[in-house]
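Colleague: Mind folding the following:
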Amino acid sequence: MSAQEIRLDDLTGPEIHALLEEHLRNMRALSPPESVHALDLDALRRPEISFWTLWSEGQLLGCGALKSLGDGHGEIKSMRTAMAHRRKGAARAILVHIVEESRRRGYTRLSLETGPREGFAPAHALYESFGFERCGPFAGYAEDPFSVFMTRAL
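Modeller: Predicted structure coming up:
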């Protein structure tokens, strides 16, 4: 894969709209509506959220976001790799960026919510490789059989 570029994204491009729609469709296919915690475009534009995209040769490879929860705690949101670019390191590159940005901001904890099913096994493995461990709900989430909560100290 050629050079990759991570960009702070304003969420206006058609490529990111398509990727986020794919993300929402996939989440809705795997979980009941009350258990889908993926954010739509309006929610991702909130001031407490920073959103990045990963590009190579004009192609959108993936995306990820960081939400400030206050008190030195950040939450990873909207991690997604485009289907055509899976298993090529895009998610790892975005996660490295989010962890580094969290440290730069002085966060002491980084958490996330993801799904529990087989379809989420690659995500679980990636997060565990970065030192994330399962935890209980945080930041207003509730126990949910369709959610796995993970966290790590920074």
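Colleague: Which parts of this protein are strands?
Modeller: In the chain, strands defined by DSSP state E lie at 5-8, 49-56, 59-70, 73-81, 109-114, 133-135, 148-153, listed in chain order.
Colleague: which of those sits most buried?
Modeller: Mean neighbour count (mean count of other C-beta atoms under 10 Å) peaks for strand 73-81 among these, with a mean of 23. In this view, the C-beta of every residue, glycine as well, is placed from N, C-alpha and C.
Colleague: mind saving the C-alpha coords of stretch 140-152 as CSV?
Modeller: The C-alpha trace of stretch 140-152 is given here as CSV (Å, rounded to 0.1, in the frame of the first residue of the first chain):
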residue,chain,number,x,y,z
GLY,A,140,-24.2,6.8,30.2
TYR,A,141,-24.1,3.4,28.5
ALA,A,142,-26.1,0.6,30.1
GLU,A,143,-25.4,-3.1,30.3
ASP,A,144,-26.4,-4.6,27.0
PRO,A,145,-26.0,-8.1,25.6
PHE,A,146,-25.1,-6.5,22.2
SER,A,147,-22.3,-4.4,23.6
VAL,A,148,-18.8,-5.0,24.7
PHE,A,149,-17.1,-2.1,26.7
MET,A,150,-13.3,-1.8,26.7
THR,A,151,-10.9,0.7,28.3
ARG,A,152,-7.3,1.3,28.9
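Colleague: what's in contact with that stretch?
Modeller: 30-32, 35, 37, 109-117, 120, 124, 127-128, 130-138 (C-beta atoms under 8 Å, 6 or more residues apart in numbering).
Colleague: Can you show me the CA trace of the helix or strand of the chain with the lowest mean pLDDT as CSV?
Modeller: Ranking every helix and strand in the chain by mean pLDDT, DSSP states H and E puts helix 14-30 at the bottom, with a mean of 88. Provided in CSV are the C-alpha atoms of helix 14-30 (Å, rounded to 0.1, in the frame of the first residue of the first chain):
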residue,chain,number,x,y,z
PRO,A,14,-19.5,12.0,-0.5
GLU,A,15,-16.9,9.3,0.3
ILE,A,16,-17.2,9.6,4.0
HIS,A,17,-21.0,9.9,3.7
ALA,A,18,-21.0,6.5,1.9
LEU,A,19,-18.6,4.9,4.4
LEU,A,20,-20.7,6.1,7.4
GLU,A,21,-23.9,4.9,5.8
GLU,A,22,-22.3,1.5,5.3
HIS,A,23,-21.2,1.5,8.9
LEU,A,24,-24.7,2.3,10.2
ARG,A,25,-26.3,-0.3,7.9
ASN,A,26,-23.9,-2.9,9.2
MET,A,27,-24.4,-2.0,12.8
ARG,A,28,-28.2,-2.2,12.3
ALA,A,29,-27.9,-5.6,10.6
LEU,A,30,-25.9,-7.0,13.6
